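Visitor: here you go, sequence then predicted model.
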Amino acid sequence: MKLNFKLIIIVLVLTNTSWSQTQVDSTKIVRVLTFNILHGATTKGDFNLDLIANVIKDANPDYVALQEVDFKTNRAKKYDLVTELGWRTKLSPLFGKAMNYDGGEYGEGILSKTSFLNSRRVALPYYDDHEPRAALEITTVLKSKDTISFVGTHLDHLTNDKDRVAQVKKINEVFSKNKYPTILAGDFNAEPNSTPINILEEIWTTAYDKDNYDLTYPSDKPTVKIDYVLFYPKNRWRVLETKVIKNTIASDHFAYLVVLELLDK
């Protein structure tokens, strides 16, 4: 009996030691969502911002990168979509214009639980008469008092990689110089191991399991992964969870949630 009792004590001590080594600081956890919202439409063809907002609220993100965001266009009923979604989700909204469109503007959106220290919009290169694209960034402070940057973007959708390659090179050039740990999220219109993703991975670390990942598009019968969350530098972040939110109605993309922990230097 004494030997068994000692064995139990040893097991408990080892278990507690292992657990303590993997404890997570809740003040450094960052819940990131990227969501292409199909300019406020749904796969049923109607216009339902409450449905989109509910997907976001259920994920409980700290930061959201939104793509296909309309600002007072005719097709979006003259709504400022990111502000409307901010109101519905109780998150701070920011819109970044990529181009004029349909009586209004079209571009990127960010929703945030925390206020912005600053923000910037970076125009991305494109060729010929293709759609302009942009990256939208906020810098903000976590509960831990750590400062981070968060970037949302939407890369070119054409089958040729030419625009996307130019765009990811610009993203690497600009944001690799950031002073603070940075998260990059969005619809990249590129599959894993494609040239644009490989170029991004020269600087950024991707959050997904390359051997076992869920597809994100199209939401009715997904065939590809084109929605991502990446981070930089690698040694400042740890992936705690990834989840594809498989709502087939809210958009033609699944929303993609990644939970990260900011690590000490």
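Guide: Done, it's in. Residues are numbered from 1 along each chain as shown.

Visitor: for the chain, give me the ranges with low pLDDT.
Guide: Within the chain, the ranges that satisfy pLDDT under 70 run 1-22.

Visitor: can you give me the helices for it?
Guide: Counting by DSSP state H, the chain has helices at residues 2-21, 49-59, 81-89, 162-175, 195-200.

Visitor: go ahead and name everything in contact with the second one.
Guide: Residues from elsewhere that reach helix 49-59 (CB atoms under 8 Å, 6 or more residues apart in numbering): 31, 33, 35, 37, 40, 42, 64, 79, 81, 84-85, 88-89, 91, 111, 243, 245, 247, 249-251, 255, 257. In short, each C-beta sits where N, CA and C put it, glycine included.

Visitor: what comes up buried for that helix?
Guide: By 16 or more other CB atoms under 10 Å, the buried positions in helix 49-59 come out as 49, 51-53, 55-56, 59.

Visitor: any chance of the residues you listed in CSV, with distance to Gly186 too?
Guide: CSV is the format used below for the buried residues of helix 49-59 (distance: CB to CB, whole Å):
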residue, distance to Gly186
Leu49, 20
Leu51, 21
Ile52, 16
Ala53, 19
Val55, 17
Ile56, 15
Ala59, 16
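
Visitor: and for Thr205, nearest residue in space, chain neighbours not counted?
Guide: The shortest distance from Thr205 to any non-neighbouring residue, by CB to CB, 6 or more residues apart in numbering, is to Lys234 (4.4 Å).

Visitor: Thr206 is in contact with that neighbour, correct?
Guide: No. Counting by CB atoms under 8 Å, Lys234 does not reach Thr206; the two are 10.3 Å apart.

Visitor: quick one: which of the two has more around it?
Guide: Higher neighbour count among Lys234 and Thr206: Thr206, with 18 against 11, using other CB atoms under 10 Å.

Visitor: what number of residues lie near the nearest residue to that one once chain neighbours are set aside?
Guide: If the residues on either side of it in the chain are set aside, Thr206 comes closest to Leu230, at 5.2 Å by CB to CB, 6+ apart. Neighbour count of Leu230, defined by other CB under 10 Å: 23.

Visitor: Leu230: what's it in contact with?
Guide: 183-185, 200-201, 204-207.

Visitor: strands of the stretch 101-250 of the chain, start to end?
Guide: Taking DSSP state E, counting those that start in this stretch, the strands of the stretch 101-250 of the chain run over residues 104-112, 118-124, 133-141, 147-154, 182-187, 205-206, 227-232, 237-245.

Visitor: reformat these as JSON lines; add distance to Gly96.
Guide: Formatted as JSON lines, those follow (distance: least, CB to CB, whole Å):
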{"stretch": "strand 104-112", "distance to Gly96": "4"}
{"stretch": "strand 118-124", "distance to Gly96": "4"}
{"stretch": "strand 133-141", "distance to Gly96": "3"}
{"stretch": "strand 147-154", "distance to Gly96": "8"}
{"stretch": "strand 182-187", "distance to Gly96": "12"}
{"stretch": "strand 205-206", "distance to Gly96": "23"}
{"stretch": "strand 227-232", "distance to Gly96": "18"}
{"stretch": "strand 237-245", "distance to Gly96": "23"}
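
Visitor: how about stretch 243-258: buried residues?
Guide: By neighbour count on 16+ other CB under 10 Å, the buried set for stretch 243-258 is 244-245, 247, 250-258.

Visitor: what's the closest of the residues you listed to Ile226?
Guide: Ile226 has its nearest neighbour among those in His253, at 7.9 Å by CB to CB.
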